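**Q** sharing a model that was predicted from the sequence below.
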Amino acid sequence: MSEEKQQVSRRQFLNYTLTGVGGFMAAGLLAPMLRMAIDPVLQPPSEGEFVNVGLAVEDITTTPQRVDWKIKQVDGWYESEPGRTAWVYKDDNGDIIALSPICTHLGCVVSWEGSEDHPNQFFCPCHDGRYTKDGVNVKGTPPLAPLPTFEQKVENGMLYLGKAIPRKGA
Ligand code: FES
């Protein structure tokens, strides 16, 4: 009797083991499939795609405000999520302006009223580059072209930004 009991228990052991191994293998196969199905939803958008930058249009004023978001970048086998920034405001006509903060001289980051000596302008601290509120480079300072503007659209009252489009210098 005890031998029969032992055999049953071996059988049970084998059942548990095989079920466990089978379950483990199934999970190993299903997990990547599940990840592939869900991943695009969780991933930040790629460069150039319109992104909800989390700013309601009604909260955009005539004073430039800084907006930050992330995109997904694939460079060969390397994936990263670099941040993007824009200076956003409404002009006198109520149109939304979204400027890239990347200085067109050598690529430093400009700030709105970044210099006390130059109020109402964008200022680049690297070589004292300056831009007027509409992003046009101030003559006599190092930048030779205006700040790029982001493609934009509004959906459900929220601002979406896309690619930064370079502008030609005057
Ligand atoms: S990088 Fe902005 S002025 Fe040189």
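**A** Now that the structure is in, tell me what you want to look at.

**Q** okay, CA-based contacts and neighbour counts for the rest of this
**A** Noted.

**Q** how close does the residue nearest to the spatial centre of the chain sit to residue 83?
**A** For the chain, residue 70 is the residue whose C-alpha lies nearest the centre (C-alpha atoms, centre = their mean; 1.7 Å). Separation of residue 70 from residue 83 (C-alpha to C-alpha, to the nearest Å): 4 Å.

**Q** what's near enough to touch the nearest residue to residue 126 once chain neighbours are set aside?
**A** Using C-alpha to C-alpha, 6 or more residues apart in numbering and skipping the chain neighbours, the partner closest in space to residue 126 is residue 108 (6.5 Å). Shown in contact with residue 108 (C-alpha atoms under 8 Å, 6 or more residues apart in numbering): 102, 124-126.

**Q** buried ones among these?
**A** 102, 124 (16 or more other C-alpha atoms under 10 Å).

**Q** which parts of this structure sit against the ligand?
**A** Contact residues, the chain versus the ligand (C-alpha under 6 Å from any ligand atom): 103, 105-108, 124, 126-129, 142-143.

**Q** okay if I get the residues you listed as a markdown table plus pLDDT and secondary structure?
**A** Output for these, formatted as a markdown table (pLDDT from 0 to 100; DSSP: H, G, I helix; E, B strand; the rest coil):
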| residue | pLDDT | secondary structure |
| --- | --- | --- |
| 103 | 98 | coil |
| 105 | 97 | coil |
| 106 | 98 | coil |
| 107 | 97 | coil |
| 108 | 98 | coil |
| 124 | 98 | strand |
| 126 | 98 | coil |
| 127 | 98 | coil |
| 128 | 98 | coil |
| 129 | 98 | strand |
| 142 | 97 | coil |
| 143 | 97 | coil |
